[in-house]
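Q: Quick one, structure for this:
(2 chains)
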Amino acid sequence: MTQSLGNSDLGPTGLRGVAADFSSDQRAFKTASWGKAMMWIFLLSDTFVFGCFLIAYMTARMSTPVAWPNPSEVFALHIGGQDVPLILIAIMTFVLISSSGTMAMAVNFGYRRERGRTAALMLATALLGATFVGMQAFEWTKLISEGVLPWENPWGAPQFGSTFFMITGFHGTHVTIGVIFLLIVARKVWRGDFDVARRGFFTSRKGQYESVEIMGLYWHFVDLVWVFIFAFFYLW
Amino acid sequence: MVEIPSGSAGAVPAAEVEDVELYHPKSWWTKYVFSQDAKIIAVQYSLTAISIGLVALVLSWLMRLQLAFPGYFAFIDANHYYQFITMHGMIMVIYLLTALFLGGFGNYLIPLMLGARDMVFPYANMLSYWIYLLAVLILVAGFFVPGGPTGAGWTLYPPQAVLSGTPGGSDWGILLMLFSLIVFIIGFTMGGLNYVVTVLQGRARGMTLMRMPLTVWGIFTATVMALLAFPALFVACVMMLFDRLLGTSFFMPAIVEMGEQLQHGGGSPILFQHLFWFFGHPEVYIVALPAFGIVSDLISTHARKNIFGYRMMVWAIVVIGALSFIVWAHHMYVSGMNPAFGFFFATTTLIIAVPTAIKVYNWVLTLWRGDIHLTLPMLFALAFIVTFVNGGLTGLFLGNVVVDVPLSDTLFVVAHFHMVMGVAPILVIFGAIYHWYPKVTGRMLDDFLGHIHFWITFLGTYAIFFPMHYLGLLGMPRRYHELGDTVFVPPSANTLNVFITVMALVVGAAQIVFLFNLVWSLFKGRQAGGNPWRATTLEWQTPQTPPAHGNWGRDLPVVYRWAYDYSVPGSAEDFIPQTQPPSGGLTREVVA
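A: Prediction:
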C-alpha cells in the first residue's frame, strides 16, 4: 500500500493492473452502466434460485423409495399411430432457443437506432416466448389429464409430478414476466421514448436504448436455464 | 504513517459518470413517507426493525418467565411457549438484525461514505422498504389468526412444522410465516441489488475499493452473501408451502399422525435442513460482517489511530464470506446425514477461525498505544470484542463433531449463538447508533443515560448467558416448555434459571432508557455540529447536518486518501478527512 504507483501514467500492468483497474475509483466495471450491472447481479442471485430448485429435484429423485418414471414414455406424444418420445419438448426447446436469436438481433438493431426493426424483433421474441408458454400449458394439461398431479403420479414416484410442476412452473413464470416486459420495452422503442430520453413513469429516469440489451440479458438467461431444466428433467 | 498514493502520479481521475438527477419530492408524502431518499428509507427501515425487535424482546421475557417459574403463568402453555420461541428467533435474526444492518445502516451509510448522492436505483430502494414492511405485517398477522403463529422453532424443520401437533402447523401460522419470508426475500433483493451496485459502480472520484471504510466493506460483502444465500431459503419456503397447501411430499416422509396414515410419502426432511442451513449459516455472517466493519471504524475513530492491517481486514471479510458457504452442515451433525460429511464440515468450520482471529488481533492492535477515548461508541466496541471472542470460543466446541453431539440441543448452544450472533451484533448496533445519531439528527445522545444503558446491557447480558453455558453442560435441554423432575439436573440449577430470568427482565427494561434517550435527545440533545467525533470518513464532511437531499450540495466530494488518517505525525489536527488533498498539493489535477 505504501508502494508508489510509479511515474508512468499507465499505472501497473499484468495481474496487478487487472486488480488496480477493478478496484479503481468510481466504477469496478468500466463499461457497464448501473442498470446492466444490476441485471447481471440479479441473474447471479436467480442462478442460485434455479440451482437450489434443480439440486432439490435431484435429491428428491435419488432419495424417494418409489421408482422414477421414464421421461421418454411420460413425455411422448401419440402421433400418426405411434408414440414419438420427447417431440413436444424438442419443439418447445427449438422455439425458445430461436427466440434468443431474435432477441440478439433486436439488441443489434437497437444500438443502430432502427426503431421499427427493433420493436418488430422484440415482438417476435415475445411471440415465441408466448408460444413456448402456450405449449407448456398444453403439456401440463396433457399430463394432468393422464393423472400426473403435484401430489400423485400413476407412473411412479409422486415427487416426479411435484418437482416437474414446480420447476417448469417457476421457469414458465420467468418466461411470462419476460414476455410482459418485452412488450413494455417494445412499446417504448416503437413510440420513440429512447430517442427523446422520455422519463419513466415510475422512476422518472431518462429512457435509453440500453434497456433493450438489459432485457436481452434476462431473456438469454431464461433460455439458458431452460437448457439445464431440459437436460436434467427430460434427458436424465 | 501510510500515505496512500491517490491514483497515478497523484492525479485524481476525471468523472466517468455524469452527476445523477435526483427525483425531487413534490409533497410531504413523497418527501417523508414514500420517500426515495436513502437516508429517509434508512430511518424507516431502522424504526420498523426496532419496533418489531421490541415485540421479540417481550416474547423472550415471557419464555424466561415460564422457564424460571413453570406453571405460574397459566397463559404460557406449551403451545404458546413454542410460538414465542419461534417468533422470537425469526424476528431477531431476520426482521431485526438483517433488516437493521443492511436496510438501515446500509441505506444510510453506503451513499454517504462513498460520496454518492443516493443509491443507484432510488425507486427500487423505496419499494424494498414497503415490501419489507408488508413482510413484517404478514408476520405479525400470525398473532391474530386462528391457531396463532407457528410454533415450529425458528428453523421450521419439517415434517413437524406442517403437522397438526405443532401450533399453527395445520392452521394459518406456518403459512403466514412462509409467505412473510418469501415477501421479505423479494423486498430484500430489491434493496440488496441497490447496495451492491452502488458500491461497485457509484463511488466518488478518488474512492477506490481499497479506500472504502471497513463499514462499507462489511455491509457490501454481507449483501452479496445475502443475495446468494436467501435463494436457498426462498426455495425451501416455496417447497414447504406446496407440501402444506398442495399435499406434495418434498420434505414429508411416510407419516402416521393421530393413528392415521397421511397422504405424504417419500420426501426427505434432511433436504430441508440442507437448504435451510445453506441459507442459515451465511446468515450468521450476514449479521456479523456489517458488525465487524462498523466496529473497525468505531475503534479506529475513537482510538485516534489508523486501523491495523487494513488490507488484511478487507481480505478477512471477503474470505469469511466465501468460507461461510461451505460450512452449513455443522448445524446438522445430529441430523443423521452421512457421518463422513462431519469431517469435512468440521474442518471448514475451524478454518473460519483463522480470518476471524486475524480480525480480532487487528482490533486489539489498533487499540494498542492508541489515544483511546472511552466514549459510548468505544465502550460498546470494546464490549463487542470481548463478547465476540467469548461466543467464538464456544463455537470451536460446537464445530467439533465429538464435542457437539453431547452438547447438541442443550442450553450451551443457546448460550453460544446468543453471545456470538445475538449480543455481539446488538452491541455493535448500539455503538453505531450512539456514533451516527448525531449525523442523522444533528444532536448528541445523552451521555449519562447512555452509560446507564451500556453498563446494564453489557453486564446484564453476561449475567444471562454465562450461567446458561453451565446449565447446558449439565445437560439441560433447550426448547423444553417445562423440565419437571430429572435425575441429572440438580435443584440448584433452577435457582440459576430464576437468576437468568431476573437479569433478562432487567436488561430488557434497560432498553427503555435507550428508547427514552433516542426520543429525548431528538429535542433536547446537545447540538452536535457536523463532525463531533472528528472523524475522517465522508459522511462527516457533508455541507449540512443532517445531510440534505442529494447529500453534497452542488459539487460531489473528491477523495484523496484512505479512511484512517488519524494522528498522522506532522499534521495540525489528529485526523485528516478523506477529502483533504495531500499536503504537497497535487502534481496534476484532471478537471472533469
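Q: helix or strand right after the longest helix seen in chain A?
A: Among the segments of chain A that qualify as a helix by DSSP state H, the longest is helix A:158-191. Next along the chain after helix A:158-191, taking DSSP states H and E as the criterion, comes helix A:210-229.
Q: So the longest helix of chain A, near chain B or not?
A: Yes. Helix A:158-191 reaches chain B (Cβ under 8 Å from any Cβ of the partner chain) through A:158, A:159, A:161, A:162, A:163, A:166, A:170. Bear in mind the C-beta positions are built from the backbone N, C-alpha and C, glycine included.
Q: surely the last one meets residue A:54?
A: Right, the one you point to is residue A:170. No. The criterion here is Cβ atoms under 8 Å, and residue A:170 misses it with residue A:54 at 10.6 Å.
Q: okay, these two: which has more neighbours?
A: The residue with more neighbours, out of residue A:170 and residue A:54, is residue A:54; 19 against 16, by other Cβ atoms under 10 Å in any protein chain shown.
Q: Report the separation between the more buried one and chain B.
A: To chain B, residue A:54 is 10 Å away according to Cβ to the nearest Cβ, to the nearest Å.
Q: May I ask which helix or strand encompasses that residue?
A: Per DSSP H and E: residue A:54 is located in helix A:34-63.
Q: and that helix, what does it pack onto?
A: helix A:158-191, helix A:210-229, helix B:173-201, helix B:214-245, helix B:269-302 (3 or more Cβ pairs under 8 Å, 6 or more residues apart in numbering or on different chains; DSSP states H and E).
Q: same question for the last one, mean pLDDT?
A: Over the span of helix B:269-302, the pLDDT mean works out to 96.
Q: ok, now the third one?
A: Along helix B:173-201, the predicted confidence averages to a pLDDT of 97.
Q: Please apply the same query to stretch B:413-428.
A: For stretch B:413-428, mean pLDDT rounds to 96.
Q: From one end of that stretch to the other, what's the distance?
A: Using Cα to Cα, to the nearest Å, one end of stretch B:413-428 lies 22 Å from the other.
Q: what's next to it, contact-wise?
A: Stretch B:413-428 is contacted by residues B:92-93, B:97, B:101, B:284, B:287-288, B:290-291, B:294-295, B:298, B:380-381, B:383-384, B:387-388, B:390-392, B:394-395, B:397-398, B:407, B:457-458, B:461, B:464-466, B:468-469, B:472, B:478 when judged by Cβ atoms under 8 Å, 6 or more residues apart in numbering or on different chains.
Q: Sitting in helices, which of those residues do you find?
A: The members of the contacts of stretch B:413-428 that map onto helices under DSSP H are B:284, B:287-288, B:290-291, B:294-295, B:298, B:380-381, B:383-384, B:387-388, B:390-392, B:394-395, B:397-398, B:407, B:457-458, B:461, B:464-466, B:468-469, B:472.
Q: Moving C-terminal from the helix holding residue A:54, which element do we reach first?
A: Assigned by DSSP H and E, the successor of helix A:34-63 is helix A:71-74.
Q: want to throw the residues of helix A:158-191 next to chain B into CSV with pLDDT?
A: Formatted as CSV, the residues of helix A:158-191 next to chain B follow (pLDDT from 0 to 100):
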residue, pLDDT
A:158, 91
A:159, 93
A:161, 92
A:162, 94
A:163, 95
A:166, 96
A:170, 97
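Q: Name only those of those that count as buried.
A: By neighbour count, with 16 or more other Cβ atoms under 10 Å in any protein chain shown, these hold A:158, A:159, A:161, A:162, A:163, A:166, A:170 as buried.
Q: quick one: buried residues of stretch B:90-98?
A: Within stretch B:90-98, the residues scored as buried using 16+ other Cβ under 10 Å are B:90, B:91, B:92, B:93, B:94, B:95, B:96, B:97, B:98.
Q: Return the residues of the stretch 101-250 of chain B in contact with chain A.
A: Residues of the stretch 101-250 of chain B found near chain A (Cβ under 8 Å from any Cβ) are B:120-123, B:189, B:192-194, B:196-197, B:200-211, B:227-232, B:234-236, B:238-239, B:242, B:246-250.
Q: Kindly recompute the last result at 6 Å.
A: Contact residues (Cβ under 6 Å from any Cβ of the partner chain) of the stretch 101-250 of chain B with chain A: B:120, B:123, B:193, B:196-197, B:200-201, B:203, B:205-210, B:227-228, B:231-232, B:235, B:246-249.
Q: ok, now chain B?
A: For chain B, the residues in contact with chain A (Cβ under 6 Å from any Cβ) are B:2, B:5, B:8, B:16, B:23, B:120, B:123, B:193, B:196-197, B:200-201, B:203, B:205-210, B:227-228, B:231-232, B:235, B:246-249, B:266, B:268, B:271.
Q: Show me just the buried residues among these.
A: Among the residues of chain B next to chain A, those scoring as buried are B:8, B:23, B:120, B:123, B:193, B:196-197, B:200-201, B:203, B:205-210, B:227-228, B:231-232, B:235, B:247-249, B:266, B:268, B:271 (criterion: 16+ other Cβ under 10 Å).
Q: and the nearest residue to residue B:375 once chain neighbours are set aside, what is it in contact with?
A: Using Cβ to Cβ, 6 or more residues apart in numbering or on different chains and skipping the chain neighbours, the partner closest in space to residue B:375 is residue B:302 (5.4 Å). Counting by Cβ atoms under 6 Å, 6 or more residues apart in numbering or on different chains, residue B:302 makes contact with B:373, B:375, B:377, B:378.
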